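Asker: Fold the following and give me the result.
(4 chains)
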Number of protein chains: 2
Amino acid sequence: MQTGPQPADFADVRATNLAVVLRHVRNHAPCSRADIAAATGLNKATVSSLVADLIERRLLRETGLAEHRIGRPATMLVLDGQPYAAIGLAVSADQLTAVAVDLAGEQLLSWRRSFPALASSPGKAVSAIAALASRVAGRVGSQNRQVLGLTVGVPGLVDSDGTVRLAANLGWRDVDLRADLVHALRDPKYDVAVDNDANLSAMAEHRYGAFAGSSDLVYLTGEVGIGAGVIVDGRLLRGGRGFSGEIGHVQVDPSGPVCPCGRTGCLEAMAGIPAIIRRVLPDAEADGPITDFAPEIDEVVRLARRGDPATVDSLAAVGRHLGHGVAILTNVINPDVVVLGGNFVPLAPWLLPAAEAELAARAVAPEAGGCRIVASTLGAGTAAVGGAARALATVDAGHLPPPPPA
Amino acid sequence: MQTGPQPADFADVRATNLAVVLRHVRNHAPCSRADIAAATGLNKATVSSLVADLIERRLLRETGLAEHRIGRPATMLVLDGQPYAAIGLAVSADQLTAVAVDLAGEQLLSWRRSFPALASSPGKAVSAIAALASRVAGRVGSQNRQVLGLTVGVPGLVDSDGTVRLAANLGWRDVDLRADLVHALRDPKYDVAVDNDANLSAMAEHRYGAFAGSSDLVYLTGEVGIGAGVIVDGRLLRGGRGFSGEIGHVQVDPSGPVCPCGRTGCLEAMAGIPAIIRRVLPDAEADGPITDFAPEIDEVVRLARRGDPATVDSLAAVGRHLGHGVAILTNVINPDVVVLGGNFVPLAPWLLPAAEAELAARAVAPEAGGCRIVASTLGAGTAAVGGAARALATVDAGHLPPPPPA
DNA sequence: GTTAGTTCGTCTGCCGACTAAACAAACTAG
DNA sequence: CTAGTTTGTTTAGTCGGCAGACGAACTAAC
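Answerer: Numbers count the residues shown, from 1 in each chain, chains lettered A, B, ... in the order given. Model (predicted):
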């Protein structure tokens, strides 16, 4: 119970303790009521009451399995994944990705739909997003699951109201996506949110990644641009207007090339995926903005595996630039880990050594402030998974679904 | 009441609500019990109980003055500054600064003592700091005030245990200042903490500055080095190991001069106070590390006031570098305001225009993400005041001094 | 098979903290 | 001097966590 501007009452205590129990079960399942009481310091009777409440809300479930040690066997508790699901949806330049995740972290579905954002208007995009979300919600509903929330990730600046201020790679400016979606979905019962894709990916890593639980974590997107999702002290860093993590257009080399944004030597222009491809595969035709880099990245990986010197050197140079960017983050924010995502993942074996060396050289704190650079292990759709994670995180934070009316 | 790993109980509710009332009175004094109830949503009876508790702890006081509107006159409440004081102490390369502040924000004393840190050992520094703290505590005690806490600010990397990992400008490395101080002060009743001077200055600005209450604020020190104290969402950003805000050695110009840290083109080497003085006053003798820049800064200000073109140009160039640094902070953190402190304050009229222009050009978000650059108005000793503010902030957060035993 | 010992989870009584509503106090308006 | 207003306290009530007792269910050992 931290200091908040709001006064506290019993409901807050109850919500806090319900969330404490729920998180404990999520992190230590299966476990018994006695385990929870011992670990949290709550009274056994209180835990019993809280667990009963959570079972009534169908967030927890008793398993038949009992550990047979000495004494009375414990009735074990696990998360009940069945009755709920959270939906995450990610918009990129060429496709929409939707996932649904249940409370226990099981991915229920993962759908992709190609959608050329630059070739359509934001209005059409809203319709397409709403249609996809609606279909996912329908599927989830047909499994008798209640939707806990829908979060849409967008590669761009999203303010605290859910308005997309600027998404260069989608060609959007001042699109009030959240309100439009709520309207298109006809005021759904569940919560609708819009956030930056890097922020959501960071939430996904924070909840499901190899460094899950690390309270100071940064995720770097490797799509058309480079964005950072920053988690500090276990919470997303948003800044005054929600425009944090825009590391892609920080200058890392004043003598570097001109970036499409008009500035010079941006990290994105030096180490972004398009820059890597141009550098390694100068012959690749670049007619119009490329949006899907998979074939080219595959080719780069092939060349690197084969040990092609120019490719390896190029990737090392890119790694150094990334290390420079990570060093800026380390010096300013001092995260425990920086996770490289997107198209950086397959390239990581050739990027990381150079990046780590550069980080060590540029970081002020000894041992780079304890900061590690790793590749994401979550696979594709991280931002969408993070969208689902956001809704689940609100449950963990105490915003529980109401108990059944019956 | 935010989500925390800790379960909550009644004591937490009480502490939270006591803090709510205390903060309300601090921000809206003088005010009546009825005002508090109306503004916070707490019940009148609850407010009465909370106020009685706070009066017993001598944190609040009733004033005789009553507002005579229609109806029964209200008995007004104000903070009772008398019984408590918090001590802040700042270490710099050439002196120690100590201040004591009461609960109402009144500065009770401000002492300076010259102390050549580089010429003495860390051990002697600990003795000197402890002696000064002890004298301040004695003076405060002789006024029948209880000391709420002592916080020491150090220009360098301080980890979460209060150990100074590296303070280049003091010549310190791995000095466990907090433990040493606790020992030298013989386990004082009050809380002892050590923190980075920029962090503490940021707390001072957050509590007493022109932008007090802004929940996303950065303070830039302008002493020997440049450090950032970062407040995000109303809380200090510390990072995984407490090494955040080290913006001084981020590279802003790869072709810049070599910095004493060994890197090239650090912000500090381009826009630090020594760099400014070298640039504007090339004739100033620089025998050994300068620690007190006051005379030189005065001279720079004189030249700038006179309109000396070389000086004005130099300051504009420095302003551009500062703007570059601020742009990095803005893109990564998106604060509402960046406060320039220390020796930047008298130079601000000539630095700010260039800095703002550079920020606008380099910030990704429109209108620089709403970020403003301003000069501190708190005067000298900001870090020490921030040290006191830290202890007072723990009271605001609910860690109240115990009620009197009587 | 019985008994002792252990552990689990519930039950009971208690206490602390907030709420609602009634009420006394103290003032202004007319 | 009365009516009306506002303040702050009092009283009763509810809620939720806590402590300890208790029954339940099991293992271990004789």
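Asker: So what's the residue count around the closest residue to DNA strand D within the stretch 201-350 of chain A?
Answerer: Residue of the stretch 201-350 of chain A nearest DNA strand D, by CB to the nearest atom of the strand: residue A:234 (22.0 Å). Using the backbone N, CA and C atoms, a C-beta is placed for each residue, glycine as well. When neighbours are defined as other CB atoms under 10 Å in any protein chain shown, residue A:234 has 15 of them.
Asker: I'd guessed it sits against residue A:212; true?
Answerer: No. The criterion here is CB atoms under 8 Å, and residue A:234 misses it with residue A:212 at 11.3 Å.
Asker: Pull up the overlap in contacts between the two.
Answerer: Residues touching both residue A:234 and residue A:212 by CB atoms under 8 Å, 6 or more residues apart in numbering or on different chains: residue A:206.
Asker: quick revisit: find the nearest non-adjacent residue to the residue of the stretch 201-350 of chain A closest to DNA strand D, please.
Answerer: residue A:215 (4.3 Å; CB to CB, 6 or more residues apart in numbering or on different chains).
Asker: Could you measure from residue A:276 over to chain B?
Answerer: 21 Å (CB to the nearest CB, to the nearest Å).
Asker: Surely that residue forms part of a strand?
Answerer: No. Going by DSSP: H, G, I helix; E, B strand; the rest coil, the assignment for residue A:276 is helix, not a strand.
Asker: Quick check: phi and psi at the residue of the stretch 201-350 of chain A closest to DNA strand D.
Answerer: The phi/psi pair for residue A:234 (degrees, to the nearest 10) reads phi 80, psi 0.
Asker: so how far is residue A:400 from it?
Answerer: For residue A:234, the distance to residue A:400 equals 19 Å [CB to CB, to the nearest Å].
Asker: where exactly do the helices run in chain A?
Answerer: A:10-28, A:33-40, A:44-56, A:122-142, A:177-184, A:197-208, A:267-271, A:273-280, A:294-306, A:309-333, A:344-362, A:382-396 (DSSP state H).
Asker: Test my guess that residue A:249 contacts residue A:266.
Answerer: Yes. Using CB under 8 Å, residue A:249 is in contact with residue A:266, at 4.5 Å.
Asker: where does residue A:105 land on pLDDT?
Answerer: We note a pLDDT of 89 for residue A:105 in this prediction.
Asker: separation between it and chain B?
Answerer: Distance from residue A:105 to chain B, by CB to the nearest CB: 18 Å.
Asker: Could you check how many residues crowd around that residue?
Answerer: By other CB under 10 Å, 16 other residues sit near residue A:105.
Asker: What of residue A:189?
Answerer: Neighbours around residue A:189, by other CB under 10 Å: 8.
Asker: need the contact list for it.
Answerer: residue A:147.
Asker: If we use 10 Å, what do you get?
Answerer: A:137, A:146-147 (CB atoms under 10 Å, 6 or more residues apart in numbering or on different chains).
Asker: what's the domain layout of chain A?
Answerer: A:11-79, A:84-203+A:384-396, A:211-377 (automatic domain parsing).
Asker: Mind checking which of the contacts of residue A:189 are buried?
Answerer: Buried by 16 or more other CB atoms under 10 Å in any protein chain shown: A:137, A:147, out of the contacts of residue A:189.
Asker: Among the contacts of residue A:189, which one lies nearest to DNA strand D?
Answerer: Nearest to DNA strand D among the contacts of residue A:189, with distances taken as CB to the nearest atom of the strand, is residue A:146, at 22.2 Å.
Asker: and the stretch 1-150 of chain A, which residues reach DNA strand C?
Answerer: A:7-10, A:32-35, A:44-45, A:48, A:51-52, A:69-75 (CB under 7 Å from any atom of the strand).
Asker: switch the cut-off to 10 Å
Answerer: Contact residues, the stretch 1-150 of chain A versus DNA strand C (CB under 10 Å from any atom of the strand): A:7-13, A:31-38, A:43-52, A:55, A:62, A:66-67, A:69-77.
Asker: could you dump the contacts of residue A:189 to a markdown table with pLDDT and distance to chain B?
Answerer: Putting the contacts of residue A:189 into a markdown table (pLDDT from 0 to 100; distance: CB to the nearest CB, whole Å) gives the following:
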| residue | pLDDT | distance to chain B |
| --- | --- | --- |
| A:137 | 95 | 26 |
| A:146 | 93 | 21 |
| A:147 | 95 | 22 |
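Asker: Pick the most buried one from the helices of chain A.
Answerer: helix A:197-208 (a mean of 28; mean count of other CB atoms under 10 Å in any protein chain shown).
Asker: now that one and helix A:382-396, what's the angle there?
Answerer: With axes from the mean of the first three to the mean of the last three CA atoms, to 10 degrees as the basis, helix A:197-208 and helix A:382-396 are set at 60 degrees to each other.
Asker: tell me the angle of helix A:197-208 relative to helix A:10-28?
Answerer: 70 degrees.
Asker: Those residues of the stretch 51-200 of chain A touching chain B, which are they?
Answerer: A:156-157, A:159, A:165-166, A:168, A:173-174 (CB under 10 Å from any CB of the partner chain).
Asker: just the buried members of these?
Answerer: A:156-157, A:159, A:165-166, A:168.
Asker: Quick check: the two most widely separated of these?
Answerer: A:159 and A:168 (15.7 Å; CB to CB).
Asker: Minimum distance to residue B:318: which of the helices of chain A has it?
Answerer: Per CB to CB, nearest to residue B:318 of the helices of chain A: helix A:309-333, 20.1 Å.
Asker: Give me the mean pLDDT for that closest one.
Answerer: On average, helix A:309-333 scores 96.
Asker: That one close to chain B?
Answerer: Yes. On the criterion CB under 10 Å from any CB, helix A:309-333 is in touch with chain B at A:324-325, A:327-333.
Asker: how about TSV for these, with distance to residue B:181 added?
Answerer: Formatted as TSV, these follow (distance: CB to CB, whole Å):
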residue	distance to residue B:181
A:324	38
A:325	38
A:327	32
A:328	33
A:329	32
A:330	29
A:331	27
A:332	28
A:333	28
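Asker: The nearest residue to residue A:146 once chain neighbours are set aside: how many residues sit nearby?
Answerer: Nearest residue to residue A:146 in three dimensions, chain neighbours excluded: residue A:84, at 5.3 Å (CB to CB, 6+ apart). Residue A:84 has 24 neighbours, counted by other CB under 10 Å.
Asker: do residue A:262 as well
Answerer: 9.
Asker: cool, the one 10 residues further on as well?
Answerer: Residues lying near residue A:272 (other CB under 10 Å) number 25.
Asker: Just the pLDDT at it, thanks.
Answerer: pLDDT, residue A:272: 93.
Asker: Any stretches of chain A with poor pLDDT?
Answerer: A:1-5, A:65-67, A:284-291, A:405-406 (pLDDT under 70).
Asker: Close to DNA strand D: what parts of it are there?
Answerer: Going by CB under 10 Å from any atom of the strand, the residues of chain A near DNA strand D are A:9-18, A:20-21, A:37, A:40-50, A:53, A:66-75.
Asker: follow-up on the earlier one: which among the buried ones among the residues of the stretch 51-200 of chain A next to chain B are in contact with DNA strand C?
Answerer: Answer for these near DNA strand C: none qualify (CB under 10 Å from any atom of the strand).
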